[in-house]
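In: compute the structure for the input listed below.
(one chain, ligands or ions: 1)
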Amino acid sequence: RLQIEYLLSATALSQHKQSDGSDVVWGLTQTPKTIPPRYFYDDPGSQLFEQICELPEYYLTRTEGAILQGCAAEIARLTGACEIVELGSGSSTKTRILLDAYNKLGYPLGYVPIDVSAGILESSARELLADYPSLVVRALVSTYELALERLEASRLATRMICFLGSTLGNLNREECDRFLSQIADALNVGEYFLLGVDLQKSEYLLNAAYNDSQGVTAAFNLNMLEHLNWRFDGNFDKAQFEHWAFYNKSQSQIEMHLRSVRSQTVQLRALDLTVEFEKGETIFTEISRKFDLNSIQKELQGHDLVPLQVWTDPNQWFGVLLCQM
Ligand code: AVI
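Out: From the prediction side, this is the model:
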């Protein structure tokens, strides 16, 4: 009942743009310097992200989970039997809420988790198979882009692509637009897109969520430097950088940076790159956009993804939208 496909095999990787570190060279030679957010997610980074999801200040995961608990049965009723395709499935925790709802209605359970981390994908797929005896899993080790390009027509009549956790917020406006076009291209008419988005709210709550008191988000941000050291034979000293995150209200986005605490020179030998930092200079590592329910619905509609139903929590901190193509 478990099939694992590696779209990120050595061959696919070598064909995949930016696997050679050219994106790092580009980013670290810009002003201001940047590192693409995909470098957060090596194994330690993925574990730190799992820890972030448990933090008292990081309301996103909890709130989305509670919304899904309340609306999963309705989602299953609205879509009928369907194959659940999850982009960035990670540990598949929230998937269980959906699988339970489909299971209760007696629908056949097909699940296609997609993640770049093969380890977490396989272990969570095995746990799910143990708990859901009729589940069939076709896991794809892949980036979203590759998976969306390659997703074949499913055997079942209907498919629902899920993109939860407000990961959409980590894409800038242009990337978001491209991503939604890809989703629309991957779906047949009548199929579904389930989206979770973090909503605009008080600056105080947002700043706290990305500057937690235990310093896990800081460790997650700084881990990127270790990841680059490991991947590209570098000598970043993470003690010489500090985490800096704040809510940019005019752009409705959290911005995360790493700030150099002194002037320093860093080398990434495998990339033949030497980078000079001035004291206080920053590297832009992530945006996390915060959405407005009306605007995101319009944006989805612009891509022929028609919102059927929107659910939120009593505080209106987070939104879950079910759209139909
Ligand atoms: C994965 N993504 C939705 C998280 C977010 O909230 O934007 C990543 C994260 N960055 C810092 N904390 C969590």
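
In: drop to CA atoms for contacts and neighbour counts, all remaining ones
Out: Fine.

In: spit out the contact partners of L222.
Out: By C-alpha atoms under 8 Å, 6 or more residues apart in numbering, L222 lies in contact with 238, 241-243, 258.

In: in terms of helices and strands, where is it?
Out: helix 216-232 (DSSP states H and E).

In: next, count neighbours for V136.
Out: 19 (other C-alpha atoms under 10 Å).

In: tell me which residues in the helix holding L222 are buried?
Out: Buried residues in helix 216-232, counted by 16 or more other C-alpha atoms under 10 Å: 216-229, 231-232.

In: now, which of those residues lie close to the ligand?
Out: T217 (C-alpha under 6 Å from any ligand atom).

In: what is the nearest of the buried residues of helix 216-232 to P36?
Out: M224 (9.6 Å; C-alpha to C-alpha).

In: I75 contacts L322, doesn't it?
Out: Yes: using C-alpha atoms under 8 Å, I75 makes contact with L322 at a distance of 7.5 Å.

In: R259 - that's part of a helix, no?
Out: No: counting by DSSP: H, G, I helix; E, B strand; the rest coil, one finds R259 to be strand, located in no helix.

In: buried residues, stretch 37-49. List them.
Out: By neighbour count on 16+ other C-alpha under 10 Å, the buried set for stretch 37-49 is 37, 39-42, 44-46, 48-49.

In: first-to-last residue distance for that stretch?
Out: The first residue of stretch 37-49 is 12 Å away from its last residue (C-alpha to C-alpha, to the nearest Å).

In: what lies in contact with it?
Out: 117, 216-217, 219-221, 223-224, 227-228, 285-286.

In: repeat that for stretch 294-304.
Out: Taking C-alpha under 8 Å, 6+ apart as the rule, stretch 294-304 contacts 180-181, 184, 306-307, 325.

In: the residues you listed, buried ones only, as a ChimeraX selection?
Out: A single ChimeraX command is used to select the members of those judged buried by 16+ other C-alpha under 10 Å:
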select :180,181,184,306,307,325
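
In: closest to the ligand among the contacts of stretch 37-49?
Out: T217 (5.6 Å; C-alpha to the nearest ligand atom).

In: give me the phi and psi for the residue in the stretch 101-250 of the chain positioned nearest to the ligand.
Out: Residue of the stretch 101-250 of the chain nearest the ligand, by C-alpha to the nearest ligand atom: T167 (3.8 Å). According to degrees, to the nearest 10, the main-chain angles of T167 amount to phi -60, psi -20.
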